[in-house]
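In: Just a sequence and a predicted model for now, questions to come.
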Amino acid sequence: MRIQRYIAKDMRSALAQVRDAMGPEAVILSSGTVGDQVEVVAAIDVEVAREHAAPRGAPQVTQPENIEFTPVRRASSQLSEALVPKAAQVAARAAAPLAAPAAPPVQHSELANEVKDMRRMLEAQLATLAWNDMSRRSPLQAAMHKELAQLGITQDLATSLARKIPADLSFSAARRFALATIARTVQVTGDRWLETGGRIAFAGPAGAGKTTLLAKLAARWVLRHGPRRVALVSADAVRIGAHEQMHMLGRLLGVTAHTVYDVAELPELLDALSGQQLVLIDTAGASPRDPDLARRLRLLNQADKRIETSLVIPASIQSGAIEEAMKLFAVAQPRSCVITKVDEAVSLGGVLSTLVRHKLPVAYISDGQRVPEDLHPARSHTLVSRAVEIASRSGATADDEVMQRRLSGGNHGRR
C-alpha cells in the first residue's frame, strides 16, 4: 500500500491533490490542520498506484512503517477513531506477504472491497468536514447553499451562484442577488407563436401534456385571430385514438385537422398548408427507453427546415428525469421548450437548473387542465417566483445532513 501526506490551504484543495496524484480509488487515512493549512494522509493499493502514477513534483512517498501519526488539531470535528485502526489493518495485510512469506496472501478483490468501504465511510466524514469548514469560513455562502437547496437548485448551479455573491451583502440582499441572477440567465421567447405564427412540432416524454398544450394554443389563436389560417396535425401513430382526438378538437374549434402516419409525410402536407399562418404538430410521446426514439427524432429534425421543434417538459417529474429527457430529445435539436404541469410540481429547481445549463428558451408555461386559461407566455422572473412559492408551500428544508450529501456529490443533480 502506498501512503502519502498532502498539505493545502483548505480541505477541497487537499482532496483535489489526492485525486490528481492517486486517482479516485484513494482512501483518506486521517485529516487535520497544521497551522492555517489542512493536512490529509491518503493511501492507495500498490497495484492501482502503478496504473495512476503520481505527477512530477508530487510529495515524496513514505513507506507505512516510517509514518508517525502524531495528534493534530481537527478541522471542525474529528474523524471516527475506529477508522484509523481499520486503515492500519489494511496496510498490515498489504505488507504481510512480504514480511512473512509463509502466511496466506490476502485476495486482491477482498482488499479492494475493504478499501472501497473505507472510502465511502471516509468520504462521508470528509463531507461533514467540508460543510463545517464552509459554515465557519463563509457563513453567507453556506446560508445561500441551504436556500438554493431548498428551492431544488442542483449543487453545481448553487456553487456557481454562491461564488458570485459579493461577500459584503446581507442574507436578504444575497438571496435577491441569487434569484435575480437565475432570472437573468433563463431565456424566454415571448408570445411570438400566437403573434406571428409558425410551424411548431411538439416533442417530449409520454404524458408530458403535448396534446393539451396544442389545444390551448389553438384555442388562444382562434380567440385572438379567428379559426382561419390555423391548422392542426396529428403525427402520433402510436397512441390509440390520437388521430380521432385531434379531429374532434378541430371540429370543436372550427379549424382544419390533418393526419400523417409517418414524420416523412410532413413536408408534403406543409406544402399543402402553405396558406396557413400557424401549424401545430402533435408527435408521439415516447419513453426514454424506447429503442426507436432516436430514429423518430432524427426524422423529425430532417423532415423540413420550416418546422421548429419545441420540447415539452413536465415540471412534475424529478430533475434527473428532466435532465435525461433534455439529453435524449436533443437529437431533434429543439429550439424552444414549454414547461407543463407546473401545478403538479413539488419543486421547480430541477427545471430552472436544466434551463440554465442547456440555455434552451422557454415559450410558455402550462399550469392546469383548463383550455385555454391555464397557459401563459413564459417570463423568467415569474418562473423564479413560482419556484420560491412552490418551495415555501411544500415546506422544503435542507438540514446539515442534506448539505453534506450534496457537497460529497451524493445528491448532485437531484431534488
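Out: Thanks, I have it.
In: mind giving me the domain split of the protein?
Out: Segmentation of the chain into domains, based on automatic domain parsing, reads 2-132, 192-378.
In: Export those as a markdown table, with columns for mean pLDDT, mean neighbour count and distance to S172.
Out: (Glycine included, C-beta is placed from N, CA and C.) What follows is those, written out as a markdown table (pLDDT from 0 to 100; neighbours: other CB atoms under 10 Å; distance: least, CB to CB, whole Å):
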| stretch | mean pLDDT | mean neighbour count | distance to S172 |
| --- | --- | --- | --- |
| domain 2-132 | 62 | 15 | 23 |
| domain 192-378 | 87 | 19 | 20 |
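In: Just send those domains back as TSV, with distance to L140 too.
Out: As requested, the domains of the chain are exported to TSV (distance: least, CB to CB, whole Å):
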stretch	distance to L140
domain 2-132	15
domain 192-378	20
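In: And the ones you listed: which comes nearest A173?
Out: domain 192-378 (20.5 Å; CB to CB).
In: Work out the gap between that closest one and the centre of the chain.
Out: On the basis of CA atoms, centre = their mean, to the nearest Å, domain 192-378 sits 23 Å off its chain's mean C-alpha point.
In: show me where the protein has strands.
Out: Per DSSP state E, the chain carries strands over the ranges 2-8, 27-34, 37-44, 198-203, 230-235, 256-259, 278-283, 307-314, 336-340, 362-366, 375-377.
In: how about these, which one is nearest R184?
Out: Closest among these, using CB to CB: strand 362-366, at 13.7 Å.
In: tilt between the closest one and strand 336-340?
Out: For strand 362-366 against strand 336-340, the angle by axes from the mean of the first three to the mean of the last three CA atoms, to 10 degrees is 10 degrees.
In: What is strand 362-366 packed up against?
Out: helix 210-225, strand 336-340, strand 375-377, helix 380-394 (3 or more CB pairs under 8 Å, 6 or more residues apart in numbering; DSSP states H and E).
In: how about it as CSV, C-alpha atoms only?
Out: Taking Å, rounded to 0.1, in the frame of the first residue of the first chain, the C-alpha atoms of strand 362-366 are listed here in CSV:
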residue,chain,number,x,y,z
VAL,A,362,-38.9,28.8,-22.7
ALA,A,363,-42.0,29.8,-24.8
TYR,A,364,-45.0,29.0,-22.5
ILE,A,365,-45.9,27.7,-19.0
SER,A,366,-48.9,25.5,-18.5
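In: Now do the same contact list for the residue lying closest to R306 once chain neighbours are set aside.
Out: Excluding its sequence neighbours, the residue lying closest to R306 (CB to CB, 6 or more residues apart in numbering) is R199, at 4.8 Å. R199 makes contact with L270, V279, I281, D304, R306, I307, E308, according to CB atoms under 8 Å, 6 or more residues apart in numbering.
In: Verify the contact between the fourth one and P267 for me.
Out: Read it as D304. Yes: in this structure D304 lies within contact range of P267 using CB atoms under 8 Å: 4.6 Å.
In: rewinding a little: which residues does the residue nearest to R306 form beta bridges with?
Out: Per DSSP bridges, the residues bridged to R199 are V279, I307.
In: All further residue positions should be reported with the first residue as 158.
Out: With the count now opening at 158, the last piece we talked about shows up as R356.
In: roughly how far apart are it and T368?
Out: Distance of R356 to T368, computed by CB to CB, to the nearest Å: 17 Å.
In: about what we covered before: of all the helices and strands packed on strand 519-523, which one comes closest to R333?
Out: When those are compared by CB to CB, helix 537-551 sits nearest R333, at 10.8 Å.
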